[in-house]
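In: Here is my input, please return the structure:
(2 chains)
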Amino acid sequence: MAEVEATTHTVHEAPTGFWRKYIFSLDHKVIGIQYWLLALFSVTVGMVLSIFIRINLVWPGTEIPILGQLFPVGAPDGVMTPEFYLSFLTMHGTIMVFFVLTTAPQGGFGNYILPIQIGADDMAFPVLNMLSFWVTFLALVVLMAAFFVTGGPPISGWTGYPPLSALGEIAGPGLGIGQDLWIISIAIFCIAALLGALNFITTTLDLRAKGMTLMKMPLTVWSWFVTAILGLLAFGVLLAAGALLLLDRNAGTSFFIPGGLVVSDQIIDHKGGSPLLWQHLFWFFGHPEVYIAILPGMGVTSHILSTFARKPVFGYRAMVYAMFAIGILGFMVWGHHMFASGMSPYTAIFFSLMTTAIAVPSAIKTFNWLGTLWGGNIRFTSAMLFSIGFVSLFVTGGVSGIFLNQPATDIALHDTYFVVAHFHIIMGVASIFGMFAGTYFWFPKMFGRYMSESLGKAHFWTTFVGVYAVFTPMHFLGLAGNPRRYAELTAFDFLKPLEPVHLFISIAAFLTISSQFLFFGNLIWGFLKGKKAGENPWEATTLEWEIPSPPPHDNFAGKLPVIHRGPYEFSVPGEDKDYTMQTEPEVSQDKS
Amino acid sequence: MTTIASRSNHRYYIGMYLGLGAVTMFFAAFTSAYIVRKGLSNDWQTTMMPAILWPNTLVLLASSLVLGKARRCIDNWNRFNLWWLIGSGLGLTFLAGQIWAWQQLVDRGVYVNTNPSSSFFYLFTGAHGIHLLGGIVALLYISWRVWNSKAATSERTAVGVTVLYWHFMDGLWVYLFLFLLIWR
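Out: You can find the predicted model right below:
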């Protein structure tokens, strides 16, 4: 490949000791894998919580001995109390949103791949990068501690709405020290996310290799870049909101707690605060957070669709601008989470229009993904299947969003299973599909071995069918008026006809979760026994495929690449192979 | 000319500007919370600003000027360190003044939970003070390094970035003070 000698020494020398090599490493690749493993642990915990949630919904009163042993107060004799159900619900949401959907796509894959794809030997601030990970780890430890303190984890949901979250243990179990730990954990996480965002943006702006102009960057890099900008602007606001909530709880202030509350027969000594103020601050962060979770998945999908369709990305520039449009509009729509809060209809119309406007860049992206596939010489690898699955889920979850962004329909659908279905598909499952695709795609680069394609395909089909089986019926539950957050449904006559649907969902969920063992097994098998992969197993074009698998410590062995071409030059007419690396010089026009 | 991945000090400035962007969002959130909370409530009682804040603001402005002076003397490590330490001392004086301001309020019986106005006063000054304390740690660390190496030029980037941060904290305080005075 074309390259130039690095004119200066690398950012840091290769470590030799175990601790500096694998634990407190400065290498972006090791840190990326650390983030990824943290997310894998978190998603496992989140998934186990969802099993208990689904069991309680369809078989309330079931004795689960292990729950009784671990949580004698929350689950006496192994039977979950309704409050403990809410604790699990809160922890499921918090763990999944922060420690999986925010962590794996950006901290995991972004860390590992972004510096290589722009031709850098590491991130701009390696020490800060290491700190970002370990601060995230600390945040997770603090959150997990909430399981084991008096009262258990909080019951106020991943959105931590006051006054419930602000009143302390008088308002219910988990709202004492558990809620404090939750706020502190989120605050620590915010700091880590800000450090990470700052690093990603600086790296992208300042460490690109010669010739790597902005419009030659892979769409993955663009997606991590835009995500980092969103994170930089959003997490500071959540941190501020968390500080106010902590003061309300522990310093007697009344930012969010209104006057005149009587809780558990006690008059609350606060006055004048506004729970809606929290909602404004929280959702100003919360909506961009949705895009923080899914934008990297969009980047990975664009990248993989192009690679395995053996075609350039259709409308590369439009894809970049659409990501920016989604990012910018994402900051103007937070009010659509609050249509039911009694806001002025005129304000609601503004938020509704802005939200509807996001459909335009989203549709551009979907159109371009289909345009990329159209007429391609498609290779149906596991990574490709998950990317196509991402497009499917993005459309499905996006379409249900249209119903929720209209205040008139949202008033009816708000707080029902329709919303649960919508955000799980678009934010949860679609993003996870992006990460599955990324794992199958980059595993050979990261570990020098392939994962099993047969297991990968089995994993895809069981998961793809499974998640639709779980979440499609939830739309109908929502339309039938089934509220979310109820610990059990058997006590309500109007919900009785819906019980068989819930049973179906629970069984589908158990089967889908079981099929994830195919993924775990595939990871272990690939790591130990997978077929050896060369530098460029997928015949792809970007820089990570020009260096050994796994890459050396400083990525390019001291010789930084020079970039001559765009990132998706597949099937270029006149070329002897159907992919052209970014570093291959352009053939002179007058040569012929 | 080689344009390979930049190894210049550019990135430290980019990083600092981005960090200051995040700090701006943090305080913007507090500001909007202030406006909303004040607009919604009927329990707002304006907190009288402690008199110490006026001279204290001048102390902070002076610290910025002195640190700027130190930066211009970077080729002479001795003079640099003298001005640098004076600037750091002024920063510490400002922090002590803020604590004094809190004491003045406490003496009047105004605490963080007395009313929303006082809550925000303690919040703004406290959050700003924590940021400034971080700046002072950086100032003293640089001074220690310069003292050890007997040269300040090798710290040029750290000096530039820290002074940038300090000026921003200076401006941020002026904004917060004016905001608290005007939007009472």
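
In: Could you report the neighbour count for A:Phe314?
Out: By the measure other CB atoms under 10 Å in any protein chain shown, the count of residues near A:Phe314 is 21. C-beta here means a position set from N, CA and C on the backbone, and glycine is covered the same way.

In: Repeat that for A:Leu214.
Out: Count around A:Leu214 with other CB under 10 Å applied: 12.

In: same question, the one 10 residues further on
Out: Counted with other CB under 10 Å, the burial measure for A:Trp224 works out to 29 neighbours.

In: Check which helix or strand it maps to.
Out: Assessed by DSSP states H and E, A:Trp224 sits inside helix A:219-250.

In: any idea of the angle the lengthiest helix in chain B forms with helix A:219-250?
Out: The longest helix of chain B (DSSP state H) is helix B:116-149. Using axes from the mean of the first three to the mean of the last three CA atoms, to 10 degrees, the inter-axis angle of helix B:116-149 relative to helix A:219-250 is 120 degrees.

In: close to chain A, is helix B:116-149?
Out: Yes: for helix B:116-149 and chain A, the contact criterion (CB under 8 Å from any CB of the partner chain) is met by B:116, B:119, B:123, B:127.

In: Specify which member of those residues is nearest to chain A.
Out: Comparing these against chain A with CB to the nearest CB places B:Ser119 closest, at 4.3 Å.

In: Roughly how far does the closest one sit from B:Arg37?
Out: Separation of B:Ser119 from B:Arg37 (CB to CB, to the nearest Å): 9 Å.

In: overlap in contacts of those two?
Out: Common contacts of B:Ser119 and B:Arg37 (CB atoms under 8 Å, 6 or more residues apart in numbering or on different chains): A:Phe255.

In: Close to chain A: what parts of chain B are there?
Out: Counting by CB under 8 Å from any CB, chain B sits next to chain A at B:2-8, B:10-11, B:14-15, B:18-19, B:21-30, B:32-33, B:36-37, B:40-44, B:112-113, B:116, B:119, B:123, B:127.

In: if we can go back for a sec, close to chain B, is the helix holding A:Trp224?
Out: Yes: against chain B, helix A:219-250 shows contacts by CB under 8 Å from any CB at A:232-237, A:239-241, A:243-244, A:247.

In: Take those and write them to TSV, including pLDDT, neighbour count and distance to A:Phe433.
Out: As requested, the residues of helix A:219-250 next to chain B are exported to TSV (pLDDT from 0 to 100; neighbours: other CB atoms under 10 Å in any protein chain shown; distance: CB to CB, whole Å):
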residue	pLDDT	neighbour count	distance to A:Phe433
A:Leu232	98	21	26
A:Leu233	97	22	26
A:Ala234	98	27	23
A:Phe235	98	29	25
A:Gly236	98	25	30
A:Val237	98	28	29
A:Leu239	98	22	30
A:Ala240	98	26	33
A:Ala241	98	31	30
A:Ala243	98	21	35
A:Leu244	98	26	36
A:Leu247	97	21	40
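
In: Model confidence score at the residue in the stretch 401-550 of chain A positioned nearest to chain B, please.
Out: Nearest residue of the stretch 401-550 of chain A to chain B, counting by CB to the nearest CB: A:Leu543, 11.7 Å away. The model reports A:Leu543 with a pLDDT of 98.

In: I figured it hits A:Gln582, correct?
Out: Yes: the pair A:Leu543 and A:Gln582 qualifies as a contact (CB atoms under 8 Å) at a distance of 6.0 Å.

In: anything in contact with each of the two?
Out: By CB under 8 Å, 6+ apart, A:Leu543 and A:Gln582 have these common neighbours: A:561, A:563.

In: okay, and for chain B, where does confidence drop off?
Out: Filtered on pLDDT under 70, chain B yields the residue ranges B:1-8.

In: Validate this expectation: A:Pro561 resides in a strand.
Out: Yes: checked against DSSP: H, G, I helix; E, B strand; the rest coil, A:Pro561 lies within a strand.

In: What about contact with chain B: does the top helix by length along chain A have any residue there?
Out: For chain A, the helix that runs over the most residues, judged by DSSP H, is helix A:275-309. Yes: Helix A:275-309 is in contact with chain B by CB under 8 Å from any CB, via A:277, A:280-281, A:284.
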